[in-house]
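Undergrad: Curious how this folds, go ahead:
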Amino acid sequence: MDVTSFGIDHNRLLRGIYVSRKDTVGDGILTTFDVRMKEPNREMVMDTSVMHTIEHLMATFFRAHPVWADQTIYVGPMGCRTGMYVIFKGDLESADVAEIMKDCYQYMADFDEEIPAAKPEMCGNYLDHNLGITRIECQKFVDEVLSCIKEENMVYPRQNG
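TA: Numbering: from 1, shown residues only. Alright, predicted model coming up:
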């Protein structure tokens, strides 16, 4: 069984941006990023309302971005509620997306409008959002990780490695 995340040492994993996997599709490559906002098993996970709000805002940011819109394949929450997965077209590394992730998280930290698509006809759980806590979590991630990202925040610690 080859599930990349099961080989990561979650006891040493820090907050950051990690290449989770690369998949060849046709003649192109898709890169899946693990955007880890919480240290697994050491910090409280995010509430589902926060994860849901991040999903809506992050998808909106990337789908409207003049450069990244065409490269964005997927944005979604991790089941463990410690971060997000983002899939982009291209053979990318964490350093390639660090600045745009910082811009995205700052956008979410500053966002003070109606949450996009948080209406019953547009969302399967439209009441499960929390913009206030989302803004706090995103600003914390910008300030403590994305503004000063280091190699240890971009390279997975492997089990037995």
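Undergrad: Could you tell me which ranges of the chain sit under the pLDDT cut-off?
TA: 1-5, 161 (pLDDT under 70).
Undergrad: quick one: the nearest residue to residue 94 once chain neighbours are set aside from residue 116, how far?
TA: In this structure, residue 94 finds its nearest non-sequential neighbour in residue 154, 3.7 Å apart by Cβ to Cβ, 6 or more residues apart in numbering. C-beta here means a position set from N, CA and C on the backbone, and glycine is covered the same way. Noted for residue 154: a distance of 29 Å to residue 116, by Cβ to Cβ, to the nearest Å.
Undergrad: distance of residue 72 from residue 107?
TA: Applying Cβ to Cβ to residue 72 and residue 107 gives a distance of 14 Å.
Undergrad: rewinding a little: wait, what's in contact with the residue nearest to residue 94?
TA: For residue 154, the contacting residues are 16-18, 93-95, 98, by Cβ atoms under 8 Å, 6 or more residues apart in numbering.
Undergrad: swap the cut-off to 6 Å and go again
TA: Residue 154 makes contact with 16-17, 94, according to Cβ atoms under 6 Å, 6 or more residues apart in numbering.
Undergrad: what's the first-to-last distance across stretch 32-46?
TA: Start-to-end span of stretch 32-46 (Cα to Cα, to the nearest Å) is 21 Å.
Undergrad: Let me see the contact set for residue 147.
TA: Residue 147 touches nothing, counting by Cβ under 6 Å, 6+ apart.
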